[in-house]
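# generate coordinates for the sequence data below:
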Amino acid sequence: METKTNKYFLYLGVTWTIIFACMSFYWAMGGMLGVRSLGGEIYEMALNPDPSFIVIVWITGFIKLLGIVILMLLLASWRHSRIRKLLYFTTKTLGLFLFIYGLLNIITISLSILGILDFKIDHYAASRRLFFWEPYWMLGGIFYFFSVKKVSSPVVESHPFS
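Residues are numbered from 1 along each chain as shown. The predicted model follows:
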C-alpha cells in the first residue's frame, strides 16, 4: 500500500494539536481563562485543584503532544510497508476518533439542552461546548484524517520485446 501525505492538513493538524496541548499546560499552571466553558466537575475541580488533578492536566497536555509525533512521522520516507500501513491506520483512526467524539458530545449536549438527558452542566458551559469545544474536536479529526491518503501504485509496463 502506498500512502501520500497531505502536508496542508498535516500542518493544520500539528497547529491544532499545539494549541490543544497549550490549553492544558495553561490550565495546569493555574490559568482559568476558558475553564468555565468546560463545565461540570472539571470546572469544579479547577476552582480548588487537588495536586493530583494538576498532575493529570499536565499529563493530558503531554499525551496530546504525541499527536504531533504521529503526524510528523508521516513526513518520513519509510522503506517498510508495515510502518507506512501502521501510520496510515493510526492517523485515520485518530482522526475518526476525534471527529466522532466531538459529534457524539454535540448530540448528547443538544439532548441535554432539550431536556431529554440530564447533565450537571450549566447553560453557559453547554452552549460553549456546543459551539466551540466539540466542533474543535471535530476539526482536529478532519485535519488528522485527511493528513494521509492511499494512492495507487504506479503501473510498470513491460514491453514484450525488451
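
# run through who's touching stretch 113-125.
By Cβ atoms under 8 Å, 6 or more residues apart in numbering, the residues outside stretch 113-125 that reach it are 36-41, 43, 108-109, 111-112, 126-127, 129-130. Where you see a C-beta, it was placed from the backbone N, CA and C, and this is true even at glycine.

# starting at the chain centroid, how far to the lengthiest helix in the chain?
Counting residues, the longest helix in the chain under DSSP state H turns out to be helix 81-113. Put simply, helix 81-113 sits 7 Å off its chain's centre (Cα atoms, centre = their mean, to the nearest Å).

# farthest pair in the contacts of stretch 113-125?
Largest separation among those by Cβ to Cβ: 36 and 111, giving 21.8 Å.

# I'd like the next helix or strand past the longest helix of the chain.
Sequence order places helix 123-128 as the next helix or strand after helix 81-113, per DSSP states H and E.

# and that next one, average pLDDT?
Here helix 123-128 scores 92 as its mean pLDDT.

# check which residues of it are buried.
Neighbour-count burial for helix 123-128 flags 125, 126, 128 (criterion: 16 or more other Cβ atoms under 10 Å).

# just the buried residues out of the contacts of stretch 113-125, in PyMOL syntax.
Here is the PyMOL command that picks out the buried ones among the contacts of stretch 113-125, judged by 16+ other Cβ under 10 Å:
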select buried, resi 37+38+39+43+109+112+126+129+130
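
# ok, so of the contacts of stretch 113-125, who is nearest residue 53?
The nearest one, if we look at the contacts of stretch 113-125 relative to residue 53 and count by Cβ to Cβ, is residue 41, at 10.2 Å.
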